[in-house]
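Q: Could you work out the structure for the sequence below:
(one chain, ligands or ions: 2)
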Amino acid sequence: MFTGKGGVGKTTCSAAAALHYAADGRTLVISTDATPSLSHIFEITDKQKPAGLPSNLEIREIVEHEIRQMWDAKFGREVYEVFSAFVDIEYEEFVEFMTSILPGLGEEFMVDHIRELCLSGDYSNIVWDTAPLGQTLSLLETPALLAEHLRLAPRIYSKLKFGNRSKEPVLEILKRWQKLSAANMDFLRRDVDFTMVTIPEALAVAQLEGTLRELEKYGLSIKQIIINNVVKIEDSLFLQTKSRQQRPYLKQIHEKYHDLKITELPLFPQEIKGIVRLKELGKILF
Ligand SMILES: Nc1ncnc2c1ncn2[C@@H]1O[C@H](COP(=O)(O)OP(=O)(O)O)[C@@H](O)[C@H]1O
Ligand SMILES: [Mg+2]
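A: Ligands and ions are numbered 1, 2, ... in the order given. Here you go, the predicted model:
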């Protein structure tokens with residue numbers, strides 16, 4: 001999983017990593033960012049795939065309505081049955097409400113979906129390109145929040161009367177939900193390697209610390225930090241100035257996180273698009 005603030009290079013690194021892993025076996029690169037750009041970076045158009053794209057590499061960009069479908073498949077009807085007993089609401093409206101209002105429910109289902117893809121055993125590697133920082137953190141917060149909701153919910157539900165309905169199914173659904181959250185959290189703890197992507201600039205470095213602390217709080221560990229956009233060639237006054245500006249931030253990251261694997265990626269004069277450039281980047285990354 002590649003995480004970090006917007007624009008630091010998560011999708012670029014995910015694409016390069018996916019190409020690297022595709023050499024070993026069937027690989028999936030999946031983006032759960034609301035504005036995905038994987039196909040753009042791989043230069044995939046509606047009509048054709050670019051030359052050199054390995055046949056065992058799959059590229060997927062999850063969009064909003066797919067999350068709704070996941071919700072539908074796992075809980076939709078059953079929870080709706082319960083709610084519609086005392087709230088007059090159409091099913092479509094209900095799903096929309098659930099996935100948009102409940103904190104992190106969409107993210108929960110994304111984690112769950114990726115966990116299922118892992119369990120399927122279809123892939124030797126799955127590379128996960130996530131949304132910018134804020135959403136990623138809410139993703140991590142979801143199970144804890146959900147557990148809190150669930151702790152209170154049975155007491156509320158036990159006070160409600162559903163006409164001739166028994167309250168038993170509700171509690172069972174909630175229990176199933178709680179189990180799902182726990183399984184997803186376990187999955188994040190055990191099977192996911194978090195790679196933090198950052199750049200040597202004040203805001204990014206400040207956010208890095210916050211994210212690492214947050215991850216630690218949930219028992220999730222960062223395996224690697226990628227510092228992207230590092231000026232390596234200083235053949236102009238502009239680049240000298242930029243490099244000088246980056247130096248203290250680089251020093252700060254290396255000193256503070258010396259126990260983590262840190263990889264620096266150079267700032268390239270061109271944007272990174274297409275298989276050839278991505279492979280070049282992959283060589284530096286691995
Ligand atoms: N090392 C680099 N050198 C030059 N351009 C880069 C580098 N890394 C990323 N970029 C460019 O920066 C932009 C943002 O990268 P992207 O991977 O989409 O960021 P994110 O997914 O974190 O929002 C893209 O246009 C990409 O080509
Ligand atoms: Mg991106």
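Q: Tell me where the model's unsure across the stretch 51-200 of the chain.
A: Scanning the stretch 51-200 of the chain for pLDDT under 70 picks out 64, 68, 71, 75-79, 82-83, 85-86, 98-107, 132-174.
Q: got the residue ranges for the strands in it?
A: Taking DSSP state E, counting those that start in this stretch as the test, the strands found in the stretch 51-200 of the chain are 57-61, 125-129, 194-198.
Q: which secondary structure elements does the second one contact?
A: To tie it back to what came earlier, the one meant is strand 125-129. Applying 3 or more C-beta pairs under 8 Å, 6 or more residues apart in numbering; DSSP states H and E, one finds that strand 125-129 makes contact with strand 2-3, helix 10-22, strand 27-31, helix 105-119. (C-beta placed from N, C-alpha, C; glycine too.)
Q: at 7 Å what do you get?
A: Judged by 3 or more C-beta pairs under 7 Å, 6 or more residues apart in numbering; DSSP states H and E, strand 125-129 is in contact with helix 10-22, strand 27-31, helix 105-119.
Q: how about those in CSV, adding distance to residue 217?
A: Shown next, in CSV, are the helices and strands packed on strand 125-129 (distance: least, C-beta to C-beta, whole Å):
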stretch, distance to residue 217
helix 10-22, 22
strand 27-31, 25
helix 105-119, 17
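Q: rewinding a little: using JSON lines, lay out the strands of the stretch 51-200 of the chain together with distance to ligand 2.
A: Formatted as JSON lines, those follow (distance: least, C-beta to the ion, whole Å):
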{"stretch": "strand 57-61", "distance to ligand 2": "10"}
{"stretch": "strand 125-129", "distance to ligand 2": "6"}
{"stretch": "strand 194-198", "distance to ligand 2": "10"}
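Q: Serialize those strands to CSV and add fields for mean neighbour count and distance to ligand 1.
A: Shown next, in CSV, are those (neighbours: other C-beta atoms under 10 Å; distance: least, C-beta to the nearest ligand atom, whole Å):
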stretch, mean neighbour count, distance to ligand 1
strand 57-61, 18, 12
strand 125-129, 23, 7
strand 194-198, 24, 6
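Q: between the ones you listed, which one is nearest to residue 269?
A: Among the strands of the stretch 51-200 of the chain, the nearest to residue 269 by C-beta to C-beta is strand 194-198 (19.9 Å).
Q: Run the angle between the closest one and strand 125-129 for me.
A: Angle, strand 194-198 to strand 125-129, by axes from the mean of the first three to the mean of the last three C-alpha atoms, to 10 degrees: 40 degrees.
Q: Show me what from the stretch 101-250 of the chain comes close to ligand 1.
A: Applying C-beta under 6 Å from any ligand atom, one finds that the stretch 101-250 of the chain approaches ligand 1 through 228, 229.
Q: can you pull out the helices in the stretch 101-250 of the chain?
A: 105-119, 133-159, 168-190, 202-217, 237-256 (DSSP state H, counting those that start in this stretch).
Q: The fourth one: which residues count as buried?
A: Of all the residues in helix 202-217, those buried under the rule 16 or more other C-beta atoms under 10 Å are 204, 205, 207, 208, 211, 212, 215.
Q: Let me know the closest of those to ligand 1.
A: Checking these against ligand 1 by C-beta to the nearest ligand atom gives residue 204 as the nearest, at 10.4 Å.
Q: Next up, the contacts around the closest one.
A: Counting by C-beta atoms under 7 Å, 6 or more residues apart in numbering, residue 204 makes contact with 5, 8, 198.
Q: Mind doing that once more with 8 Å?
A: Applying C-beta atoms under 8 Å, 6 or more residues apart in numbering to residue 204 gives the contacts 4, 5, 8, 198.
Q: So what touches stretch 218-232?
A: Outside of stretch 218-232, the residues within contact range by C-beta under 8 Å, 6+ apart are 2, 8-9, 12-13, 140, 144, 185, 188-189, 192-200, 208, 212, 215, 239, 242-243, 246, 250, 253, 257, 260-267, 285.
Q: Which residues of the protein lie near ligand 2?
A: Contact residues, the chain versus ligand 2 (C-beta under 5 Å from the ion): 10, 11, 33.
Q: rerun that using 6 Å as the cut-off
A: 10, 11, 33, 37, 129 (C-beta under 6 Å from the ion).
Q: contacting residues for the third one?
A: With contact set as C-beta under 8 Å, 6+ apart, residue 33 has these partners: 10, 11, 61, 129, 130, 131, 132.
Q: Which two of these have the greatest separation?
A: The distance between the two most remote of those (C-beta to C-beta) is 15.3 Å, for 61 and 132.
Q: Please consider this matter closed, and thank you.
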